[in-house]
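Novice: can you look at this prediction? I've put the sequence above it.
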Amino acid sequence: MRDNHLEMPEILNAYERDGFYFGVVRIVVYEETAAFEFGVDQAGYRALRKVLQKHPFSNLPGIEYRYFFTGGYGRKKLGEEPVVFYIRIEQGIDAGKFEFEGPTTLVSNLRWFQSLKDLRDTSALKRLE
């Protein structure tokens, strides 16, 4: 595993709005930082919530957790759902890589964000402040 989260999409949030589910990621492309909302299905939403609720280090108030998609993924059974994917979780100076399960569609979205080389390719997405 890398020593840092450079070039890894950061998972910021997952929520439901008007019966639809969304994830939020922040990416850095050529030193420009941007956050985007993207649609997920209910299984993707549940997987993102599990990621964001994992607190493997201290639960002291005031020290925030950060979650980064490492790009690693695989299948436990060839051709079957769910896929496994890996998240780097950071809290202060503590960091570790953790395995999660989720749908292929979610992992495909996260991989797409990781592969971006130009923010113009995100014009169809809702950009957040």
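Specialist: On my side now, so go ahead. Residues are numbered from 1 along each chain as shown.

Novice: residues contacting the residue nearest to Asn109 when sequence neighbours are not counted?
Specialist: Sequence neighbours aside, Phe38 is the residue nearest to Asn109 in space, at 5.7 Å (criterion: Cβ to Cβ, 6 or more residues apart in numbering). (C-beta placed from N, C-alpha, C; glycine too.) Neighbour list for Phe38: 22-25, 109, 113, 125 [criterion: Cβ atoms under 8 Å, 6 or more residues apart in numbering].

Novice: which among the residues you listed end up buried?
Specialist: For those, a neighbour count by 16 or more other Cβ atoms under 10 Å gives the buried set as 22-25, 109, 113, 125.

Novice: between those, which sits nearest Glu90?
Specialist: Within these, distances to Glu90 taken as Cβ to Cβ reach their minimum at Val25, with 15.3 Å.

Novice: quick one: pLDDT of Asn4?
Specialist: Asn4 carries a pLDDT score of 57 in this model.

Novice: check pLDDT for the buried ones among the contacts of Phe38 and point me to the minimum.
Specialist: Ranked by pLDDT, the buried ones among the contacts of Phe38 bottom out at Leu125, which scores 86.

Novice: state the distance from that one to Glu10.
Specialist: If you measure Leu125 against Glu10 using Cβ to Cβ, to the nearest Å, the figure is 15 Å.
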